[in-house]
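Peer 1: Need the 3D shape of this:
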Amino acid sequence: MEASQRFADRREAGSRLADALQDVRDAEPVVFGIPRGGVVVGQEVGAGLGCPLEVLVVRKLGYPGHEEAGFGAVGEEGALVPEALSQMRPRDQGYEIVQRSLEAKRAEVEERVALYRRGRPRRSARDATAIVVDDGIATGYTFAAGLAIARADRPRRLIAAVPVASAEGAELVSRYCDELRLLRPVEGGRFFAVSMYYEGFGQVSDEQVVDLLDGKPCEE
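Peer 2: Here you go, the predicted model:
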């Protein structure tokens, strides 16, 4: 992939998303970032729209020993994607794997909620224009779980905004929102990883997320 087809970093991607969302600025939206990288993008979107930034804590469900091979996602406030996982019974194939993953990831969600919010309540999207952002969509499971959390608030309008997405991920996410704003769809060919669409894609730490939510400048 040529450098001209990539985003310089998450900040540039967020700035470009903010430009693409100027039509909703007057609605005084609330931006929700999916940690960790989505919070970097979200800070840029929030700054560009002059609106607050919140975090939606979600975790991918993966197979033991192969965590990247996700089969779903779980989030705070009971969010679960796909919802059919909640209907599994002990006799179902894969039940034990799903239950172990759910238990572990729900514990991680609780830990990160405590770390990121430090006891404060989550900002609600009720009756608001809610914009959920991340740095990219691969399977779409974690993004969809984030949207499910925001949807439960009963927002006036729910927008998914992302720099790049696989065709399959975009299709899944579209089912959970009112509108998908996508800067760079990937059509045809194989989508390998979100990182391929960035020149700089460093790891974002929990400490950086906390700083970003506090409104502090934070370099990747």
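Peer 1: and the protein, what are its domains?
Peer 2: According to automatic domain parsing, the chain comprises the domains 3-58+121-213, 60-116.
Peer 1: residue closest to the middle of this protein?
Peer 2: I34 (3.3 Å; CA atoms, centre = their mean).
Peer 1: What segments of the chain are strands?
Peer 2: 30-33, 53-55, 58-63, 66-75, 80-81, 129-133, 157-166, 179-186 (DSSP state E).
Peer 1: Ok, which of these comes nearest A114?
Peer 2: strand 53-55 (12.1 Å; CB to CB). From N, CA and C alone the C-beta is placed, and that goes for glycine too.
Peer 1: Just the mean pLDDT for the longest helix seen in the chain, thanks.
Peer 2: Of all segments of type helix in the chain, defined using DSSP state H, the longest is helix 95-117. With pLDDT averaged residue by residue, helix 95-117 scores 94.
Peer 1: what packs against that helix?
Peer 2: Judged by 3 or more CB pairs under 8 Å, 6 or more residues apart in numbering; DSSP states H and E, helix 95-117 is in contact with strand 58-63, strand 66-75, helix 206-213.
Peer 1: Can you list the low-confidence ranges for the protein?
Peer 2: Low-confidence segments of the chain, defined by pLDDT under 70, are located at 1-4, 65-66, 187-189, 219-220.
Peer 1: can you do 90?
Peer 2: Low-confidence segments of the chain (pLDDT under 90): 1-5, 62-70, 84, 86-95, 97-98, 184-192, 215-220.
Peer 1: about what we covered before: quick one, phi/psi of the residue nearest to the centre of the chain?
Peer 2: phi -90, psi 120 (degrees, to the nearest 10).
Peer 1: okay, now the nearest residue to it once chain neighbours are set aside: neighbour count?
Peer 2: Distances taken as CB to CB, 6 or more residues apart in numbering put D134 closest to I34, at 4.1 Å, once the chain neighbours are dropped. Using other CB atoms under 10 Å, D134 has 32 other residues around it.
Peer 1: Lovely, talk soon.
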